[in-house]
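A.B. asks: I would like to see how this sequence folds:
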Amino acid sequence: LPGLAAATLLRGGDLGLKHSLDRTGRELLLLPVPMELKRRTKLFIDVFVDRWFRGFAGGLLLLMTAVFGMSERALTIPVLVLLAGWMALVILMRREYAETFRHALARREIDPTAIHRHLDDDDTAAAVSAALRSGIERRVLYALTLAPAVKGLDVSADLESLLSSPSALVRAAALEALGEMGERMDDARVRDMIADADPAVRSAACGALATGAGDDRHFFLQGCLHHGTVRERSAAAGWIATHGDDHDVALVSGSDLAGMLEDDGPDGAESRRAAVRLLGRSTAEVTPKLMSLLDDPDPGVAELAVKELVRRRSTKAREAVVARLGDRRLRAAAREALVSLGEDVVPDLKTAGGAGDPISRRQTVRALGAVGGREAVLALVDLVDDDEPTIRETGLGALIRLRRDDSRLKMPSERLTELHKGRLALYHGLVQ
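C.D. replies: Okay, here's the model as predicted:
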């Protein structure tokens with residue numbers, strides 16, 4: 001029984017720690033490793049090294065027991081020697097790991113979205129704190145994205161000082177970190193920042209106060225929306241649109257939205273942008289309203305309307321955006337938004353590519369090239385034979401780029417050969 005209990009305890013502890021502490025430790029160990037190097041080595045380590053050394057360990061045990069006749073008690077000696085060597089390597093590795101982490105932090109090689117667990121290493125916390133105080137905007141912004149994942153990191157003083165940064169990006173990111181980390185903050189100072197010159201800072205300040213309000217968050221947001229200044233209303237609406245949940249969105253009434261859309265004051269553009277984002281969160285039919293905002297005098301409002309229309313994923317909304325491919329002011333935003341739909345938008349682009357003015361059609365061809373895929377290739381092949389030279393050239397260029405970027409993409413060879421022969425016959429006729 002004592003032997004069975006020991007074996008059960010040993011095996012149970014091994015399996016329990018393998019999928020918890022051991023797995024977490026290995027993931028954190030690879031955190032500062034560059035992504036490209038991680039892709040090349042992690043699979044090799046997990047599959048080849050791990051499996052083969054398990055087999056090597058089994059063979060070594062057989063050698064020591066079957067050949068050298070070592071008893072179970074004697075086997076503890078090489079086990080303890082290997083364990084001591086492993087612990088020595090861990091101690092030596094700790095300093096190198098901290099140095100690698102600091103270098104990776106400086107080079108922005110750590111992906112904050114890949115951190116699914118809190119980091120509680122003292123060296124990691126020190127590296128993040130040092131980056132926050134570095135004064136280098138790029139490094140400070142990066143550290144602010146990592147700070148919420150570092151357990152026990154007290155950076156309230158650093159975040160407070162960053163609220164006075166000349167960079168609006170740093171001020172906004174510091175406010176977001178304050179709210180996310182639940183750090184102590186000077187509410188009066190943060191409230192004053194709702195009047196900041198930068199819209200993103202105003203929205204972040206409102207969000208930090210709303211998050212800090214806890215259960216009174218809705219009461220605070222309602223106060224900003226219904227009794228606040230113009231900037232407080234737009235800041236609250238902007239934060240609700242981008243970070244709020246469905247209950248927060250429900251706080252914005254139809255009259256609130258109408259008032260923001262009609263605001264043509266000094267901060268009216270920001271109010272209308274917040275309103276567009278809120279319309280995008282609405283489950284009601286708001287396509288006509290978004291379509292009317294495509295002609296808003298502020299380019300930011302019109303571009304947001306383009307993005308929200310595409311997200312509606314309705315035929316009417318897509319057609320309205322496709323029609324704006326010829327609009328010099330909106331064609332870049334329209335093309336980018338349509339490309340985000342993938343191959344679903346190819347039929348609409350194919351239809352638009354066959355009619356309209358040359359500028360609109362050329363933008364349509366560029367969008368097809370950006371979408372890629374089999375259906376887009378077939379649509380582009382048809383446009384290569386277009387009567388308009390600029391359409392032919394743009395279509396041919398898009399096909400060449402698609403083929404260059406993906407050699408596995410199959411081209412309709414028979415159709416292209418037919419087009420090639422037709423062009424050769426045309427050119428041959430010119431010299432006869």
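A.B. asks: How about the contacts made by Glu180?
C.D. replies: Taking Cβ atoms under 8 Å, 6 or more residues apart in numbering as the criterion, Glu180 is in contact with 148, 211. Using the backbone N, CA and C atoms, a C-beta is placed for each residue, glycine as well.
A.B. asks: Now do it against Ala355, distance only.
C.D. replies: Look at Glu180 and Ala355: by Cβ to Cβ, to the nearest Å, they are 50 Å apart.
A.B. asks: Next one: Ala205, what pLDDT does it get?
C.D. replies: Ala205 is assigned 90 on the pLDDT scale.
A.B. asks: Any buried residues in stretch 196-213, and which?
C.D. replies: 196, 199-212 (16 or more other Cβ atoms under 10 Å).
A.B. asks: Between these, which sits nearest Asp264?
C.D. replies: Nearest to Asp264 among those is Pro199, at 16.3 Å by Cβ to Cβ.
A.B. asks: so where do the helices sit in the stretch 1-150 of the chain?
C.D. replies: Remark: helices assigned in the stretch 1-150 of the chain by DSSP state H, counting those that start in this stretch are 2-17, 23-29, 35-43, 50-62, 72-107, 122-132, 137-146.
A.B. asks: now the third one: mean pLDDT?
C.D. replies: The predicted model assigns helix 35-43 a mean pLDDT of 65.
A.B. asks: thinking again about what came up before, closest one of the buried residues of stretch 196-213 to Thr100?
C.D. replies: Nearest member of these to Thr100, counting by Cβ to Cβ, is Ala204, at 31.9 Å.
A.B. asks: doesn't Glu176 make contact with the closest one?
C.D. replies: Yes. Between Ala204 and Glu176 there is a contact under Cβ atoms under 8 Å: 5.2 Å.
A.B. asks: Tell me how many other residues surround the closest residue to Arg189 other than its chain neighbours.
C.D. replies: Closest residue to Arg189 apart from its sequence neighbours, by Cβ to Cβ, 6 or more residues apart in numbering: Leu163 at 6.8 Å. Residues lying near Leu163 (other Cβ atoms under 10 Å) number 22.
A.B. asks: How much space separates Leu163 from Ala235?
C.D. replies: 15 Å.
A.B. asks: Then Ile136?
C.D. replies: 28 Å.
A.B. asks: coming back round to it: which ones are touching the residue nearest to Arg189?
C.D. replies: 171, 174-175, 189-190, 193.
A.B. asks: and with 7 Å instead?
C.D. replies: Taking Cβ atoms under 7 Å, 6 or more residues apart in numbering, we find Leu163 in contact with 171, 174-175, 189, 193.
A.B. asks: Can you read off the pLDDT for it?
C.D. replies: pLDDT, Leu163: 89.
A.B. asks: now do Phe48
C.D. replies: The predicted local confidence for Phe48 is 71.
A.B. asks: I figured Val230 hits Gly265, correct?
C.D. replies: Yes. Using Cβ atoms under 7 Å, Val230 makes contact with Gly265 at a distance of 6.4 Å.
A.B. asks: Looking at those two, which one has more neighbours?
C.D. replies: Val230 (16 against 10).
A.B. asks: Could you report the neighbour count for the nearest residue to Thr229 once chain neighbours are set aside?
C.D. replies: Leaving aside its sequence neighbours, Thr229 sits nearest to Ala195 (Cβ to Cβ, 6+ apart; 7.6 Å). Residues near Ala195, counting by other Cβ under 10 Å, number 13.
A.B. asks: Could you pull out the helices in the stretch 301-432 of the chain for me?
C.D. replies: Counting by DSSP H, counting those that start in this stretch, the helices of the stretch 301-432 of the chain are 315-322, 331-339, 346-353, 358-371, 374-384, 389-405, 413-430.
A.B. asks: Mean neighbour count, those helices: which tops it?
C.D. replies: Highest mean neighbour count among the helices of the stretch 301-432 of the chain (mean count of other Cβ atoms under 10 Å): helix 358-371, with a mean of 23.
A.B. asks: got the contact list for that helix?
C.D. replies: Under Cβ under 7 Å, 6+ apart, the answer for helix 358-371 is 325-326, 331, 335, 338-339, 342-343, 345-346, 349, 352-353, 376, 379-380, 383, 388, 390-391, 394-395, 398, 401-402.
A.B. asks: Would you reformat the helices of the stretch 1-150 of the chain as TSV and include distance to Leu278?
C.D. replies: Formatted as TSV, the helices of the stretch 1-150 of the chain follow (distance: least, Cβ to Cβ, whole Å):
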stretch	distance to Leu278
helix 2-17	48
helix 23-29	38
helix 35-43	36
helix 50-62	51
helix 72-107	37
helix 122-132	33
helix 137-146	26
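A.B. asks: which stretch among these comes nearest Phe220?
C.D. replies: helix 137-146 (23.6 Å).
A.B. asks: and that closest one, what does it pack onto?
C.D. replies: Packing partners of helix 137-146 (3 or more Cβ pairs under 7 Å, 6 or more residues apart in numbering; DSSP states H and E): helix 72-107, helix 122-132, helix 168-181.
A.B. asks: With distance to Glu285 and mean pLDDT as extra columns, can I get those in JSON lines?
C.D. replies: What follows is the helices and strands packed on helix 137-146, written out as JSON lines (distance: least, Cβ to Cβ, whole Å; pLDDT from 0 to 100):
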{"stretch": "helix 72-107", "distance to Glu285": "47", "mean pLDDT": "77"}
{"stretch": "helix 122-132", "distance to Glu285": "46", "mean pLDDT": "79"}
{"stretch": "helix 168-181", "distance to Glu285": "33", "mean pLDDT": "87"}
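A.B. asks: Determine which of these approaches Pro412 most closely.
C.D. replies: helix 72-107 (44.7 Å).
A.B. asks: and Leu162, how far is that from Ser407?
C.D. replies: Counting by Cβ to Cβ - Leu162 and Ser407 are separated by 48 Å.
A.B. asks: what do you get for Leu61?
C.D. replies: For Leu61, the distance to Ser407 - Cβ to Cβ - is 49 Å.
A.B. asks: Which one's more surrounded, these two?
C.D. replies: Between Leu61 and Ser407, counted using other Cβ under 10 Å, the more crowded position is Leu61 (13 against 6).
A.B. asks: and that one, what does it touch?
C.D. replies: Counting by Cβ under 7 Å, 6+ apart, Leu61 has no contacts.
A.B. asks: and if you look at Val230?
C.D. replies: Here Val230 is in contact with 265, 267, 271 (criterion: Cβ under 7 Å, 6+ apart).
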